[in-house]
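# need a structure here:
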Amino acid sequence: MNGMRQNENWKGRAIFAGGVFGALFGVGMAYLLTQRAEREGGQLKLGAGEGIRLGLLLLGLMKSVSDLGSGS
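Residues are numbered from 1 along each chain as shown. You can find the predicted model right below:
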C-alpha cells in the first residue's frame, strides 16, 4: 500500500514541478517580448508566421522533453 502511495506522489510532484516551470518560463518569455517591443518603440506585434514558428518550436521542445527518459 505504501509503495502505491509513493508511486502516486512522484507523479503529482512531477506534474506540479512541470506546471511551475512552465508558468515561470511563460512569464519570462512574455517579459522578454515586451522588453523587445519597448526597445523598438512600439507595441508587441506577433505575425501569423512568427506565431506558427513559435508553436512548432514549442512542439519540438515538448517532443524532446518526452524523449528524455527513453534512452534513445
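# Can you give me the distance of residue 10 to residue 38?
Residue 10 is 42 Å from residue 38, where distance means Cβ to Cβ, to the nearest Å. From N, CA and C alone the C-beta is placed, and that goes for glycine too.
# which strands and helices sit next to the longest helix seen in the chain?
Using DSSP state H, we find that the single longest helix of the chain is helix 2-39. Contacts defined by 3 or more Cβ pairs under 8 Å, 6 or more residues apart in numbering; DSSP states H and E place helix 2-39 against no helix or strand at all.
# For that helix, the averaged confidence score.
What helix 2-39 shows for mean pLDDT is 86.
# quick one: the helix or strand that residue 56 is a member of to helix 2-39, angle?
Assigned by DSSP states H and E, residue 56 belongs to helix 48-66. Using axes from the mean of the first three to the mean of the last three Cα atoms, to 10 degrees, the inter-axis angle of helix 48-66 relative to helix 2-39 is 150 degrees.
# Identify the residues contacting helix 48-66?
residue 46 (Cβ atoms under 8 Å, 6 or more residues apart in numbering).
# Apply 7 Å and report the result again.
By Cβ atoms under 7 Å, 6 or more residues apart in numbering, no surrounding residue is in contact with helix 48-66.
# Need the CA coordinates for that helix. PDB is fine.
Once non-C-alpha atoms are left out, helix 48-66 reads as follows in PDB (Å, rounded to 0.1, in the frame of the first residue of the first chain):
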ATOM      1  CA  ALA A  48       1.000  34.700 -38.100                       C
ATOM      2  CA  GLY A  49       4.300  33.400 -39.400                       C
ATOM      3  CA  GLU A  50       6.000  34.200 -36.100                       C
ATOM      4  CA  GLY A  51       3.200  32.500 -34.200                       C
ATOM      5  CA  ILE A  52       3.400  29.400 -36.300                       C
ATOM      6  CA  ARG A  53       7.200  29.200 -36.000                       C
ATOM      7  CA  LEU A  54       6.900  29.700 -32.200                       C
ATOM      8  CA  GLY A  55       4.300  26.900 -32.000                       C
ATOM      9  CA  LEU A  56       6.400  24.500 -34.000                       C
ATOM     10  CA  LEU A  57       9.400  25.300 -31.800                       C
ATOM     11  CA  LEU A  58       7.300  24.500 -28.700                       C
ATOM     12  CA  LEU A  59       6.100  21.300 -30.100                       C
ATOM     13  CA  GLY A  60       9.700  20.200 -30.900                       C
ATOM     14  CA  LEU A  61      10.600  21.100 -27.300                       C
ATOM     15  CA  MET A  62       7.800  19.000 -25.900                       C
ATOM     16  CA  LYS A  63       8.900  16.100 -28.000                       C
ATOM     17  CA  SER A  64      12.500  16.400 -26.800                       C
ATOM     18  CA  VAL A  65      11.400  16.500 -23.200                       C
ATOM     19  CA  SER A  66       9.100  13.500 -23.700                       C
END
